[in-house]
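Student: how would this look folded up:
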Amino acid sequence: MTLSINKSYGILPNGEEVQAVQLTNKNGMQVHVISYGATVTSVKIPLANHKKVDVVLGFETLEDYIQSFELPSPPYFGAIIGRYAGRIKGSSFDLNGQAVKLNPNHGEHLLHGGASGFHQKNWKIENVKKGINSAVTLSYTSPAGEENFPGELTVTVTYCLTESNELLVEYNATTTEDTVLNFTHHSYFNLDGHEHTVTQQELFVNADRVIEKNHENIPTGRVLAVAESAFDFLEAKNCPTSIDDTFVLGDQEEMAVSLYSAKNNLQLSVYTNQPGVHVYVGGNCFDTISGKEGANYHPLSGICFETQNFPDAPNNNHFPSAVLKKGKNYYHKTIYKFQSKSI
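Tutor: Reported below is the predicted structural model:
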């Protein structure tokens, strides 16, 4: 069981150094994290044949991560998303009777925190824990008014690699003023390996309802049953070729989502305390930036399981509240568990 810090991952244009941490457990599973975007760059799982498979999409260099945000549709590979994951309609909402107007970055709407979201910040490595259940904690303080969100927001994210091949992600946040927030982790998974297509893997989503959206992917406010629709994954089936939708979760003790690769007899199970999971198939880099090991990522390269509150919750009072009150603590926990599936 080892943990290593490498301070030479790269230098940002502003001169800041980007640090890297690698977590390894007794089974040989490895998770690599960089401070830029608090990003997970690789997750390597040992297989029965003594080989390892890297199950997340990513890039080889810091420069590639930076340049990826200039793509027509940035992939946000492995990053922490904030202050608000998903879309906010019209980049505006009312809070405590006051109108808040955010900086739009997706047409007239706000997407994934804005043009300068948490995914492009160089987080500070606060702590590393060695030995059993090794972990790294990163922090970022978002100034009041960043992307026009109210309140100074102090955030920590801890990645913990357990001895049971679980990647545990825990978020905590406090604010100096009432504000809204919605964090998520944006890894694209592919259990066959990041150079393959995800559509031969089996997807299960433990949800009988999905958020209806309009042609701009903005929630309409309606919640629909998945029965007899393309969104019914209550029985596992092959990953769809196109999905960009939020499912309503139930019991937090139950598995929210699973993905299974018959090729590697490997299953990913996701657990969370969040009310929703946004499922997205993608990864396209438009033949512009090569992925790890020269992989050419395309629209079917990976699948995201963005555990979170609902998109546009600040504009839908019947959705779970996205408000964090001054003096209160935000806590979000998600577990990505990897295991061989019993036949």
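Student: Let me know whether residue 230 touches residue 242 as I believe.
Tutor: No - counting by Cβ atoms under 8 Å, residue 230 stays clear of residue 242, with 9.6 Å between them. For glycine as for every other residue, the C-beta is placed from the backbone atoms N, C-alpha and C.
Student: all helices of the stretch 201-343 of the chain, in order?
Tutor: For the stretch 201-343 of the chain, applying DSSP state H, counting those that start in this stretch gives no helices.
Student: Tell me which helix or strand comes right after the helix or strand hosting residue 139.
Tutor: Here residue 139 sits within strand 135-142, counting by DSSP states H and E. Downstream of strand 135-142, the next assigned helix or strand under DSSP H and E is strand 153-161.
Student: Give me the contact list for that next one.
Tutor: Strand 153-161 has contacts (Cβ atoms under 8 Å, 6 or more residues apart in numbering) with 23-25, 29, 31, 33, 38, 40, 80, 82-83, 118, 123, 126, 129, 133-142, 167-176, 179, 181, 183, 324.
Student: Point out the ones among these that are inside strands.
Tutor: 23-24, 31, 33, 40, 80, 126, 129, 135-142, 167-175, 179, 324 (DSSP state E).
Student: Just the buried residues from these, in PyMOL please.
Tutor: The PyMOL selection below is limited to those of the ones in strands among the contacts of strand 153-161 classed as buried (16 or more other Cβ atoms under 10 Å):
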select buried, resi 23+24+31+33+40+80+135+136+137+138+139+140+142+167+168+169+170+171+172+173+174+175+179+324
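Student: In this structure residue 277 contacts residue 205, no?
Tutor: Yes - between residue 277 and residue 205 there is a contact under Cβ under 8 Å: 7.2 Å.
Student: Between the two, which contacts overlap?
Tutor: Common contacts of residue 277 and residue 205 (Cβ under 8 Å, 6+ apart): 247, 256-257.
Student: what would the residues you listed look like in a markdown table with distance to residue 87 and pLDDT?
Tutor: What follows is these, written out as a markdown table (distance: Cβ to Cβ, whole Å; pLDDT from 0 to 100):
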| residue | distance to residue 87 | pLDDT |
| --- | --- | --- |
| 247 | 16 | 98 |
| 256 | 21 | 98 |
| 257 | 21 | 98 |
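Student: could I get those as CSV with distance to residue 147 and neighbour count?
Tutor: Shown next, in CSV, are the shared contacts of residue 277 and residue 205 (distance: Cβ to Cβ, whole Å; neighbours: other Cβ atoms under 10 Å):
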residue, distance to residue 147, neighbour count
247, 27, 24
256, 28, 25
257, 29, 24
